[in-house]
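Chemist: Sequence first, then the predicted structure, then my questions.
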Amino acid sequence: MVSKEKDLGDKDFLTIDFEPLKDFAKDFFIKKLEEFKEDKLLMIDKDLFPFFRIMIGKTEKGLIKDTIILDQDCGIDVDSPVVIFVMKANIQHIRTMIRLINENSEKDKKFIVFFCPRYTVLCKETLDQGSVLKSLTVYELPYELIPIEKDVLTLDDNNGFKNLVLGHNYQTLTLVKHSIQRLEALYGKIPLKYSKGAWSCQILNSISGKEKESKEEGAEESQYSEIDAMVLIDRTVDYYTPLITQMTFEGIIDEFFGIVCGTIEIDNKIIDPETKGPTGKKTLYLTGNEDILFSESRDLHFNMMKEHFPRKFQEMKTLCEKKDSAKTLTEMADYIKKLRNLKIPQLQSLFQTNFNLLLHLDASVVKPSFKHLLTIEPKIMTSDGALKEVLELLELEIAKCEEKQRLMRLFCLLSLTNNGIPKDNYATLTKEFVDAFGMEELVRIMNLERSGILKRKDRDSQWSVIKDAFGLINEDVKIDPPNDIAYTYNGYAPLSVRLVEKLMKTGWGSPELDKLPGPKIVPSDEKAKLRKLLENDKQSDRKKVILVYYVGGVTFAEISCFRYLSALTGNQFIVATTQFINGNKMVDAFKDDQGSLLKPESLAEIYQQPHLNNI
């Protein structure tokens, strides 16, 4: 059990400095900027901006004259002779750039573009069709894992899950492999590597092949590593968790606003209700470095926030009142020290922002539509003969034509936990869903079917065996203080985190893992190596570092679970991910707006395609 006063993301647990991961991309970018002495206009892809801001940080004064967010309707209104575009390989943004170059072709301007992280064949073809390649200098701005928190690393590959699960491309797997190799180059070869799921095993097999080649060539190998173990997990191994509602403060924010690389776009009237007249959107930065109040509260259960904020406010008020009671120089020095540590001026502004955000979220959470759908989740997860009741509830909710994403999440969750839905009920639900929300939903349903998430029931479900074997349901969980990771989901413990807990206790040799989708890889002589790792943990003051790498996305509530385990065990859990995901993002990935459906093969068959061996 973690004490109420203990910050689940306590910085005392953070022993590795991941800032050097930013250096290569940052140094390369700034070096290229310095080659141009003229005034420079920077135009950044809107989707990339939050990540770019963290990766590059502040540039030297005078290096960039102006910065504009690149969107469909923007123009070049600044008289700078050098225009620099920074973007992902997004066709819409590339076409916007082509338009801007053509509109300014008669002006004496230099145009440069940095593609992040890769300049793809599709990028080149689109630029060639737009007839701008001769007017444009093209660079790649390669980056891999970037720390957005001291214990969270991301590739920011927001289409990675979609591309993998729909079979569009497998570039994400290559990015993950290269990012692991970069980690090992900086922090030493990781001695214990585990993987679960087809994607993760493909990556680990590819890395192992490269290591074998290096040994045969006689390359020297360092025995020291700052990372003691790595666990690669496919999102497909645990589809359940993203579909369930996150119940931490950060998780609820993500459910309603969708956190993008530590930021959300929010109506300014929510943050400042007294604002008069028309207001637009405001960007809130929700990282531990920029909001110390949020960093203390993000991992708490949402229901605890009504107690946490008044307590924090009272702490501020009490400290401010103590200034009059300080009589001696020693007392005054002690007061000033506490005042500086608490950062009162900064906290006052942050408190207002966080509190108004909480009020808005609280009003949203208590709405009957949200609360009612929330009560259906435990009925599905416990699966105690409630199938008929849940089916009736879903039919009633679909008839209201509201909460499309949340209803699809429940539909998928019901299918996964029951190994499908009875044939007649399935036909009724899919027809009613398409009738209620439009024919375009048929594409989503077909893709979900071909991925195996939505299906007609054909055999008994393994869900009861899985949830009991891994202890996924904890009806006695406490939230104040939490006594289990299940506090993050109102009594459900994320399967992916339970997998890591099991590894740290007994290893992955038990047969329960074979009931989960996909193959697994465990180190040779796993028991002896794991025992050595845990024994050293007792004999050394150095905290053991375990990297958990999600291929296909991680939820913010899962990250909170690992912060809880760090505080509980004394080990340091670092979460790396291709992207951040929640239930809405997951079901939206199957809309497949690229216009092509999944091939008829199942995911299990797609995993075996030969091109995966070429990563």
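Modeler: Sure, I can see it.

Chemist: mind checking which helix or strand Leu533 is in?
Modeler: Leu533 is part of helix 526-539, with elements assigned from DSSP states H and E.

Chemist: show me where pLDDT drops low in the stretch 101-250 of the chain?
Modeler: Low-confidence segments of the stretch 101-250 of the chain (pLDDT under 70): 210-222.

Chemist: got the contact list for Asn356?
Modeler: 270-273 (CB atoms under 8 Å, 6 or more residues apart in numbering). No exception for glycine: its C-beta is placed from N, CA and C like everyone else's.

Chemist: just to revisit the earlier point, if we look at the following helix or strand past the helix holding Leu533, which residues are touching it?
Modeler: Tracing the chain C-terminally past helix 526-539 and defining elements by DSSP H and E, one meets strand 545-551 next. Contacting residues not belonging to strand 545-551 are listed as 15-16, 164, 172-173, 176, 180, 183, 190, 197, 199-200, 203, 226-235, 496, 500, 504, 558, 562, 571-578 [CB under 8 Å, 6+ apart].

Chemist: How many neighbouring residues does the residue nearest to Asp108 when sequence neighbours are not counted have?
Modeler: In this structure, Asp108 finds its nearest non-sequential neighbour in Pro81, 6.6 Å apart by CB to CB, 6 or more residues apart in numbering. Neighbour count for Pro81, taken as other CB atoms under 10 Å: 15.

Chemist: quick one on the thing from earlier: select only the buried ones of the contacts of strand 545-551 in PyMOL?
Modeler: Burial among those is assessed by 16 or more other CB atoms under 10 Å; the matching PyMOL selection reads:
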select buried, resi 16+164+172+173+176+180+183+190+197+199+200+203+227+228+229+230+231+232+233+234+235+496+500+504+558+562+571+572+573+574+575+576+577+578
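
Chemist: Tell me which of the contacts of strand 545-551 fall in helices.
Modeler: Among those, the members found in helices (DSSP state H) are 164, 172-173, 176, 180, 183, 199-200, 203, 496, 500, 504, 558, 562.

Chemist: Reformat the residues you listed into a markdown table and put distance to Tyr487 next to each item.
Modeler: Putting those into a markdown table (distance: CB to CB, whole Å) gives the following:
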| residue | distance to Tyr487 |
| --- | --- |
| Leu164 | 30 |
| Thr172 | 31 |
| Leu173 | 33 |
| Val176 | 30 |
| Ile180 | 31 |
| Leu183 | 30 |
| Trp199 | 29 |
| Ser200 | 27 |
| Ile203 | 32 |
| Ser496 | 16 |
| Val500 | 17 |
| Met504 | 19 |
| Glu558 | 13 |
| Phe562 | 13 |
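
Chemist: which one among the residues you listed gets closest to Thr248?
Modeler: Glu558 (9.9 Å; CB to CB).

Chemist: Look up the closest residue to that closest one, ignoring the ones flanking it.
Modeler: Once flanking residues are discounted, Glu558 sits nearest to Pro494: 5.1 Å by CB to CB, 6+ apart.

Chemist: Show me where the stretch 401-550 of the chain has its helices.
Modeler: 404-417, 423-437, 441-451, 463-469, 495-506, 526-539 (DSSP state H, counting those that start in this stretch).

Chemist: so how far is the longest one off the chain centroid?
Modeler: Distance of helix 423-437 from its chain centroid, counting by CA atoms, centre = their mean, to the nearest Å, is 31 Å.

Chemist: What is it packed up against?
Modeler: helix 387-399, helix 404-417, helix 441-451 (3 or more CB pairs under 8 Å, 6 or more residues apart in numbering; DSSP states H and E).

Chemist: tell me the most buried of those helices?
Modeler: Most buried of the helices and strands packed on helix 423-437, by mean neighbour count (mean count of other CB atoms under 10 Å): helix 404-417, with a mean of 22.

Chemist: quick one: contacts of that helix?
Modeler: Residues from elsewhere that reach helix 404-417 (CB under 8 Å, 6+ apart): 239-240, 243-244, 370, 373, 376-377, 380-381, 383, 387, 390-391, 394, 397-398, 421, 429, 433, 437, 441, 444, 448, 453-455, 461, 463, 583-584, 586-588.

Chemist: Can you show me the CA trace of it as PDB?
Modeler: In PDB, the C-alpha atoms belonging to helix 404-417 read as follows (Å, rounded to 0.1, in the frame of the first residue of the first chain):
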ATOM      1  CA  LYS A 404     -21.200   6.700 -30.500                       C
ATOM      2  CA  GLN A 405     -17.600   6.000 -29.500                       C
ATOM      3  CA  ARG A 406     -18.400   4.900 -26.000                       C
ATOM      4  CA  LEU A 407     -21.100   2.500 -27.300                       C
ATOM      5  CA  MET A 408     -18.700   1.000 -29.800                       C
ATOM      6  CA  ARG A 409     -16.200   0.500 -27.000                       C
ATOM      7  CA  LEU A 410     -18.800  -1.400 -25.000                       C
ATOM      8  CA  PHE A 411     -19.800  -3.400 -28.100                       C
ATOM      9  CA  CYS A 412     -16.100  -4.400 -28.600                       C
ATOM     10  CA  LEU A 413     -15.500  -5.100 -24.900                       C
ATOM     11  CA  LEU A 414     -18.600  -7.400 -24.800                       C
ATOM     12  CA  SER A 415     -17.300  -9.300 -27.900                       C
ATOM     13  CA  LEU A 416     -13.800  -9.700 -26.500                       C
ATOM     14  CA  THR A 417     -14.900 -11.000 -23.000                       C
END
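
Chemist: Can you check what angle separates it from helix 387-399?
Modeler: Between helix 404-417 and helix 387-399, the angle comes out at 160 degrees (axes from the mean of the first three to the mean of the last three CA atoms, to 10 degrees).

Chemist: Buried subset of the contacts of helix 404-417 as a PyMOL selection?
Modeler: Per 16+ other CB under 10 Å, the buried members of those correspond to this PyMOL selection:
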select buried, resi 239+240+243+244+373+376+377+380+381+383+387+390+391+394+397+398+421+429+433+437+441+444+448+453+454+455+461+463+583+584+586+587
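
Chemist: Report the angle between the helix holding Leu533 and strand 545-551.
Modeler: 130 degrees.

Chemist: How far does helix 526-539 sit from its chain's centre?
Modeler: Here helix 526-539 is found 30 Å from its chain centre; the criterion is CA atoms, centre = their mean.

Chemist: got it, and stretch 350-360?
Modeler: That offset, for stretch 350-360, works out to 23 Å (CA atoms, centre = their mean).
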